[in-house]
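1. Below: sequence and its predicted model.
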Amino acid sequence: MRKNLKHSVAIITGASSGIGRETAFLFARKGVKIALASRREDKLQEVAQEINGLGSEALILPIDVSDQDQVDSMVERVLERFGQVDILVNNAGFGQFASIEETSADDMREIFGVNFMGAFYSIKGVLPYMRKQGSGHIINISSVAGKRSFPFMGAYCATKFAMNAISEALRIELTGTNIHVSLVYPVTTKTGFFDVLKNKTGKRFEPPKMFTQSAQQVAQAIVKCAENPKTEVLPFPLAWFLIVINAIAPGVLDFILRKYYKSMMK
Ligand SMILES: NC(=O)c1ccc[n+]([C@@H]2O[C@H](COP(=O)([O-])OP(=O)(O)OC[C@H]3O[C@@H](n4cnc5c(N)ncnc54)[C@H](OP(=O)(O)O)[C@@H]3O)[C@@H](O)[C@H]2O)c1
């Protein structure tokens, strides 16, 4: 049965742009009160203004998710303001474009700090309250790159594989608690992601055009999942094809990827 989200409270990390921003607007239209978390306060202000215009409430939380103290204070401030937390969307993240050889240990620590530890801290922060209130929904924004690793994106893919791993464990551990855990796997999405991508290759990265969707499409899938919790969500259905081929014949995908990334290889 579809849940009525009106008067629920959602935390969205990475709400200043792209998928997080669009998800905030769609939640606002459903009457959800939203805590908007990311580093750029001015961008969060703009999102909050639009949310107020849609008749909902927004709380701005300018934080860096890679800092556990800041994430803990995010959860405290949400509880102070709204008294509950029903939905957590772990969405903050960024990409790196570099071969494994070009990836330094600091690069790896940085991307894990945001994409993985940021989500882990947020989960740790909200779970005690969700357990107390006897309900909740954690929606982790992974990627198709968390199902199959892509060349020159090994570090990024590793963060998404790691996110999948804790989500799969957690959803079983929370059996019987009325707290759901969902994984969302977008394909290439038109957002600011590629503008801030850390590119160490010296070459231009062209994401495959065939597997491209809009931030609104992903946001719709996230909100639908909040209304009707699912274990896994693929906002771009054709992506199943890629996942199945990889599961039964990974060498076929290797062959395709070698061809696609040929100009990148030295
Ligand atoms: N775009 C794609 O092709 C694609 C595909 C699959 C999955 N995804 C995933 O979707 C999620 C959203 O990405 P997007 O495409 O919407 O990209 P985006 O437009 O660049 O948005 C990323 C968001 O993350 C926030 N963020 C980055 N570092 C942060 C930090 N240290 N602390 C707090 N917030 C931080 C950014 O805000 P501030 O800069 O204000 O901090 C921004 O709001 C990411 O997890 C990404 O991996 C994207």
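-> Nice, I can see it. Numbering: from 1, shown residues only.
2. A helix includes Phe94, no?
-> No. Counting by DSSP: H, G, I helix; E, B strand; the rest coil, Phe94 is not part of a helix but coil.
3. Quick check: it touching Asp195?
-> No. Contact between Phe94 and Asp195 fails when scored by CB atoms under 8 Å: they sit 10.3 Å apart. C-beta here means a position set from N, CA and C on the backbone, and glycine is covered the same way.
4. and the stretch 101-250 of the chain, which residues reach the ligand?
-> Residues of the stretch 101-250 of the chain found near the ligand (CB under 6 Å from any ligand atom) are 114, 141, 143, 186, 188-189, 191-193, 196.
5. Farthest pair within those?
-> Using CB to CB, those span at most 19.5 Å, a distance reached by Val114 and Thr188.
6. the strands in the stretch 1-150 of the chain, which residues?
-> Here the stretch 1-150 of the chain has its strands, by DSSP state E, counting those that start in this stretch, at 9-13, 33-38, 58-62, 87-90, 96-97, 136-141.
7. in its sheet, what does the first one sit against?
-> Spelled out, that is strand 9-13. strand 33-38 (parallel), strand 87-90 (parallel) (DSSP bridges).
8. same check, this time on the third one
-> Applying DSSP bridges, strand 58-62 is found paired with strand 33-38 (parallel).
9. any idea of the mean pLDDT for the strand it pairs with?
-> Averaged over strand 33-38, pLDDT sits at 98.
10. hang on, the earlier thing: present the residues of the stretch 101-250 of the chain next to the ligand as CSV; the columns should include neighbour count and distance to Val9.
-> Output for these, formatted as CSV (neighbours: other CB atoms under 10 Å; distance: CB to CB, whole Å):
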residue, neighbour count, distance to Val9
Val114, 19, 24
Ile141, 28, 19
Ser143, 28, 26
Pro186, 27, 24
Thr188, 18, 31
Thr189, 23, 25
Thr191, 19, 25
Gly192, 15, 26
Phe193, 20, 27
Val196, 11, 28
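11. so of these, which ones are in helices?
-> Applying DSSP state H to these, the entries found in helices are 193, 196.
12. Please identify which of the residues of the stretch 101-250 of the chain next to the ligand is nearest to Met264.
-> Ranked by distance to Met264 (CB to CB), these are led by Thr188 at 16.4 Å.
13. got a list of what that closest one touches?
-> 207-208, 211-213 (CB atoms under 8 Å, 6 or more residues apart in numbering).
14. So which of these is surrounded by the most neighbours?
-> In terms of neighbours by other CB atoms under 10 Å, the contacts of Thr188 top out with Gln213 at 18 neighbours.
15. Dump the biggest helix by length in the chain to PDB, restricted to CA.
-> Looking across the chain with DSSP H, the single longest helix is helix 154-173. Listed next in PDB are the C-alpha coordinates belonging to helix 154-173 (Å, rounded to 0.1, in the frame of the first residue of the first chain):
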ATOM      1  CA  GLY A 154      37.500   2.500  -9.900                       C
ATOM      2  CA  ALA A 155      37.700   4.600  -6.700                       C
ATOM      3  CA  TYR A 156      34.200   6.000  -7.200                       C
ATOM      4  CA  CYS A 157      32.800   2.500  -8.000                       C
ATOM      5  CA  ALA A 158      34.400   1.100  -4.900                       C
ATOM      6  CA  THR A 159      32.500   3.700  -2.700                       C
ATOM      7  CA  LYS A 160      29.200   2.600  -4.300                       C
ATOM      8  CA  PHE A 161      30.000  -1.100  -3.900                       C
ATOM      9  CA  ALA A 162      30.800  -0.400  -0.300                       C
ATOM     10  CA  MET A 163      27.500   1.400   0.200                       C
ATOM     11  CA  ASN A 164      25.600  -1.500  -1.300                       C
ATOM     12  CA  ALA A 165      27.400  -3.900   1.100                       C
ATOM     13  CA  ILE A 166      26.400  -2.100   4.300                       C
ATOM     14  CA  SER A 167      22.800  -1.500   2.900                       C
ATOM     15  CA  GLU A 168      22.300  -5.200   2.200                       C
ATOM     16  CA  ALA A 169      23.600  -6.200   5.700                       C
ATOM     17  CA  LEU A 170      21.600  -3.500   7.400                       C
ATOM     18  CA  ARG A 171      18.300  -4.300   5.700                       C
ATOM     19  CA  ILE A 172      18.400  -7.900   7.100                       C
ATOM     20  CA  GLU A 173      19.700  -6.700  10.600                       C
END
